[in-house]
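In: Sequence first, predicted model second:
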Protein chains: 2
Amino acid sequence: MNLSSSAPAYQALAQSYGRMYRLSHLQSMAGWDQAALMPPKANEARAAAMSEMAALLHRLRTEPELAAQMARADGEPLSEFERANLREMRRDWQSVTALPESLVQRQTMARARCEHAWRSLRPANDWNGFLEVFADVLDLAREEARLLADRSGLSPYDALMDRFEPGMTSVQLEGIFAEVRSWLPGLIRQVVERQRADTVIWPVGPFSVERQRALCERVMRLLGFDFDGGRLDVSTHPFCGGVPEDVRLTTRFREDDFLPALTGTIHETGHGRYEQNLPRDWLDQPVAQARSMGLHESQSLSFEMQIGAHPGFVRRLAPLLAEAFGDQPAFEPGNLAKLLTRVKPGLIRVDADEVTYPAHVILRFEIERPLIEGLIEARDIPALWDQKMSELLGVDTRGNFRDGPLQDVHWPEGLFGYFPCYSLGAMYAAQWFAAMRREMPDLDARIGEGDLSAVFAWLNDRIWSQGSRWSTDDLSRRASSERLNPMHFRRHLESRYLAAT
Amino acid sequence: MNLSSSAPAYQALAQSYGRMYRLSHLQSMAGWDQAALMPPKANEARAAAMSEMAALLHRLRTEPELAAQMARADGEPLSEFERANLREMRRDWQSVTALPESLVQRQTMARARCEHAWRSLRPANDWNGFLEVFADVLDLAREEARLLADRSGLSPYDALMDRFEPGMTSVQLEGIFAEVRSWLPGLIRQVVERQRADTVIWPVGPFSVERQRALCERVMRLLGFDFDGGRLDVSTHPFCGGVPEDVRLTTRFREDDFLPALTGTIHETGHGRYEQNLPRDWLDQPVAQARSMGLHESQSLSFEMQIGAHPGFVRRLAPLLAEAFGDQPAFEPGNLAKLLTRVKPGLIRVDADEVTYPAHVILRFEIERPLIEGLIEARDIPALWDQKMSELLGVDTRGNFRDGPLQDVHWPEGLFGYFPCYSLGAMYAAQWFAAMRREMPDLDARIGEGDLSAVFAWLNDRIWSQGSRWSTDDLSRRASSERLNPMHFRRHLESRYLAAT
């Protein structure tokens, strides 16, 4: 960090935020441990510890002195990076001072309890049990949304979404999703119809967990993940946790099918590389954080979909599978590419292909938005879920809570307003690769030769190294000459799934 | 915690210490993670985070308000447990206010750096490299010792030891060690001579790490470790970390020999059960902490030596080994007992048998005491080490730093004054079992029948559940009718190693 003595207020701010960053390191690691390793009886003590730390961080982030220092720093001579840092500090201060410490503390406790209970309620398909532990999480989220909305002037749901995707509104989102709704169902039908004639050979298991783990780590290395600054472990719901200096990815293994673990790991590796390559010299400052969760998902989906299902990459992957599990007809590159682009409406979001995935997101957006706004209650979710799954994907989910509204960790953890980021991410990812192809016409040939360096250099240059330097729209324009344009996503799907081969 | 409204000052104190307990939970887990899982490039960020938290905890523990509250609480109507809690708060406050925050912060950084460097310097046998990173750790320890000594009136070394073994002085320790020195070398010679005639069959490896791990976990269960409130993982130097609600034991595996991992795990399980059974209702208060590190080691050594090498327990262990690795002549119970009580002067403390172990401790005490007092320098250690190892155990250590002064993590971590606790622990363990046998004449028969419940009930009743309720001397008298008496240790060794069989 380049501290100039001519900017004492800015300097004091940078020190305060550095201190919060160091303390939140411990919070992040404990959160990862809780999901990946912690034994059950530790739950109460861990929840109490994390709640205490959340309250402490909340106090530090809401120090009245910070506002005064920000006002003074505004008039100080700052570099462009420092000014962006000051903007991000102010954004944080605005949103966090809207919430009283007691609310934050109650949220941490309620979420930890609910998330812990969810881990056994989901396999037990126990919706009513979930309603009991979820009630507090929802009440507190609504309270939070009201308080954030009062402060920002946004609607309650938009105010929650703004924490993950600054600048995005549900009005804009409705426009985007309406556009997607206009062509998605037809596209799904077309693709399913077209793939009906395909002969696809499925891999034959069992696949030992140890070999799957070794394969996943090998592919992570291929994708540039730095194991000297991170790990791969196991958790119920895969995620990318830890801190930029120590990125903790998780996956989950099933012996009958290695593809979920492999594609999930490729997805998390995208998140991981973004974190590992945020601007190093500024890591302890707000400006070094990832720009938004939509952009974060654009990295995981660049890895999982744009690269991971790219026919050129699949040709490199195929021999690794044969090495890991012994050769099988299913591992022939052409067949493997078909497997990785198989479209089938299904129950589980994280297992969904990239064509049906937006339907899962639209469904959740259409439920959680009125839920936060108090237009529906938690007990209404299953009926809406059943109706929308039938409508959007033609599948029957009645009575199956486990693979229905209990499938995601987001709601138990109070993460409302996050789901849209997945589809924004898919759209941005398509937009990044469209821009790369304009700049590098031989891009697909290079991927086919196993050379991913151009892709990584582009992503590092335009996205990773930029942190939160620009607004999302500005970043998008600098990276790809335009703001978010869902047309690239539609073109990507049409070219991959409907083009004559 | 039973908070009485007639004791407002005490109540405020209990809340403050509860808060520190919850924050230090995160520090403990991060410390465990650092040793067991953390990738190398995370070291700087982790050290900075832990240093920040150490400084914060230091500020909280040294709040001037605490001293005023303690003075007021003295006059409040308190239960006997509350009064003991107040005494422990005062003990903590006295020692911690002797140290300025900047010193604590510099120590955390220096220790983390040194410990991290040590992990690669030790295998490289690089003593000069170690001297460079160790210099700061030693300087800061001397500074700490001087400050603690000024406050307590103890000598510098005693002031450091007092953090681990309250009430113990080096004068008393010199007396104890002088007594041990008077018979130990003779005893070692006698035992080695006597065992020369024994035919011992060594187990034949390799022993797969996975099977060793499963065996260790099985034996931990047999010894009552609660896996719903703890884990077993791997680290360079085995230890018992985490928090009482989430005990993280570590061990290390080598494929050519399973005994170090197994006996090390049994040792750590003793620490772990102490932690898991500290007084539950008081866990967030100082009075619930383990009484001293000597007492902690008395639990690990009760498990490793008193139980683990007990012929009755060995008969139960033998079939588990055969199940884990396939049957071998070495697993015959009589042979196994001989293996577990084999006495051989060697280089490595943690691999030492219980007869030669005190020699390793006396050596370290004789080096670290003058080192802290400034009578010798770090560069003098190897020559002293070589001389004393030759003198006490007749082994040649010249040029072998890896298995000499670089073998322990204690000095890199600035843990001066800890080593004596190992031998105090061995002596207390022998004293506990002597007391048990007086109260339960059929104890050995019950252990032989595989019934350890009486042992666990005794330890839980007299030691674990008592936390820091009494001074060490009082605890010892309540548990075994006398204060520390090294005679029981000598009798234990003579009865196990020299009695006619």
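Out: Great, that's in hand.

In: Next to chain B, which bits of the stretch 251-400 of chain A? Give me the list.
Out: A:L283 (Cβ under 8 Å from any Cβ of the partner chain). In this view, the C-beta of every residue, glycine as well, is placed from N, C-alpha and C.

In: Neighbours of the residue nearest to A:F227 when sequence neighbours are not counted, how many?
Out: Closest residue to A:F227 apart from its sequence neighbours, by Cβ to Cβ, 6 or more residues apart in numbering or on different chains: B:P39 at 6.4 Å. Using other Cβ atoms under 10 Å in any protein chain shown, B:P39 is surrounded by 18 other residues.

In: Backbone torsions only: list them for B:P39.
Out: For B:P39, the backbone dihedrals (degrees, to the nearest 10) come out as phi -70, psi 160.

In: One more: A:L78?
Out: Dihedral angles for A:L78 - degrees, to the nearest 10 - are phi -120, psi 150.

In: Give me the distance between it and chain B.
Out: Shown here: A:L78 relative to chain B, a distance of 24 Å by Cβ to the nearest Cβ, to the nearest Å.

In: Now do the strands in chain A.
Out: Secondary structure of chain A (DSSP state E): strands at A:230-234, A:240-243, A:246-251.

In: Please identify the most buried of those.
Out: Compared across these, strand A:246-251 shows the largest average neighbour count, a mean of 26 (mean count of other Cβ atoms under 10 Å in any protein chain shown).

In: Pick out the residue nearest the middle of chain A.
Out: Among the residues of chain A, A:E297 comes closest to the average C-alpha position under Cα atoms, centre = their mean, at 4.5 Å.

In: who are the neighbours in contact with the nearest residue to A:A67 once chain neighbours are set aside?
Out: Residue nearest to A:A67 in three dimensions, not counting chain neighbours: A:W93, with 6.3 Å by Cβ to Cβ, 6+ apart. If a contact means Cβ atoms under 8 Å, 6 or more residues apart in numbering or on different chains, then A:W93 has A:R61, A:T62, A:L66, A:A67, A:M70 as its contacts.

In: So which of the residues you listed sit within helices?
Out: The helices in this structure, assigned by DSSP state H, contain A:R61, A:L66, A:A67, A:M70 from the contacts of A:W93.

In: Quick check: of those, which lies closest to chain B?
Out: Ranked by distance to chain B (Cβ to the nearest Cβ), the ones in helices among the contacts of A:W93 are led by A:R61 at 15.0 Å.

In: Present the ones in helices among the contacts of A:W93 as TSV; the columns should include distance to B:Y274, neighbour count and pLDDT.
Out: Shown next, in TSV, are those (distance: Cβ to Cβ, whole Å; neighbours: other Cβ atoms under 10 Å in any protein chain shown; pLDDT from 0 to 100):
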residue	distance to B:Y274	neighbour count	pLDDT
A:R61	39	20	95
A:L66	44	22	98
A:A67	49	15	97
A:M70	50	17	98
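
In: in stretch A:161-178, what's buried?
Out: A:M161, A:D162, A:R163, A:F164, A:E165, A:P166, A:M168, A:S170, A:L173, A:I176, A:F177 (16 or more other Cβ atoms under 10 Å in any protein chain shown).

In: now swap in stretch A:197-215 and tell me
Out: Within stretch A:197-215, the residues scored as buried using 16+ other Cβ under 10 Å are A:P203, A:F207, A:Q212, A:R213, A:L215.

In: Find the nearest non-adjacent residue to A:E255, please.
Out: A:P206 (4.3 Å).

In: Spatially nearest residue to A:A45 (excluding sequence neighbours)?
Out: That would be B:E245: by Cβ to Cβ, 6+ apart, it lies 3.7 Å from A:A45.

In: Show me how far stretch A:33-52 is from its chain's centre.
Out: Centroid separation for stretch A:33-52 versus its chain: 23 Å, with Cα atoms, centre = their mean, to the nearest Å.

In: any idea of the mean pLDDT in that stretch?
Out: Averaging the model's pLDDT scores along stretch A:33-52 yields 95.

In: Same question for stretch A:251-258.
Out: 96.

In: mind checking the end-to-end distance for it?
Out: 11 Å (Cα to Cα, to the nearest Å).

In: Can you list the neighbours in contact with it?
Out: By Cβ under 8 Å, 6+ apart, stretch A:251-258 touches A:203, A:205-209, A:212-213, A:215-216, A:232, A:234-238, A:260-261, A:264-265, A:268, A:321, A:324-325.

In: pretty sure A:G167 contacts A:D474?
Out: No - in this structure, A:G167 is not within contact of A:D474 by Cβ atoms under 8 Å, at 9.9 Å.

In: near chain B, which residues of the stretch 101-250 of chain A show up?
Out: Counting by Cβ under 8 Å from any Cβ, the positions of the stretch 101-250 of chain A adjacent to chain B are A:D226, A:F227, A:D228, A:G229, A:G230, A:R231, A:V243, A:E245, A:D246.

In: which of those residues lies closest to B:T341?
Out: Comparing those against B:T341 with Cβ to Cβ places A:R231 closest, at 40.1 Å.

In: and the closest one, what does it touch?
Out: By Cβ under 8 Å, 6+ apart, the neighbours of A:R231 are A:G242, A:D246, A:V247, A:R248, A:L249, B:L37, B:P39.

In: and the gap between it and A:C240?
Out: 11 Å (Cβ to Cβ, to the nearest Å).

In: and for those two, which residues touch both?
Out: Joint contacts of A:R231 and A:C240 (Cβ under 8 Å, 6+ apart) are A:V247, A:R248, A:L249.

In: which residues does the first one contact?
Out: I take that to be A:V247. A:F225, A:G229, A:G230, A:R231, A:C240, A:G241, A:G272, A:E275, A:Q276.

In: same question, A:A135
Out: Contacts of A:A135 (Cβ under 8 Å, 6+ apart): A:A378.

In: Then A:L37?
Out: A:L37 neighbours (Cβ under 8 Å, 6+ apart): A:D233, B:R231.

In: A:P405 and A:I381 touch, don't they?
Out: Yes - with contact defined as Cβ under 8 Å, A:P405 reaches A:I381; the gap is 4.9 Å.

In: Find residues that contact each of these two.
Out: A:I367.

In: need the contact list for A:E368.
Out: A:Y157, A:W411, A:F416, A:G417, A:F419.

In: Which strands or helices does the helix ranked longest in chain A pack on?
Out: Ordering each helix of chain A by length in residues (DSSP H) puts helix A:8-36 first. When contacts are defined as 3 or more Cβ pairs under 8 Å, 6 or more residues apart in numbering or on different chains; DSSP states H and E, helix A:8-36 packs onto helix A:43-61, helix A:64-74, helix A:80-96, strand A:240-243, strand A:246-251, helix B:8-36, helix B:43-61.

In: Measure how it sits relative to helix A:64-74, angle-wise.
Out: Between helix A:8-36 and helix A:64-74, the angle comes out at 130 degrees (axes from the mean of the first three to the mean of the last three Cα atoms, to 10 degrees).

In: any idea how far A:A454 is from A:E304?
Out: 19 Å.
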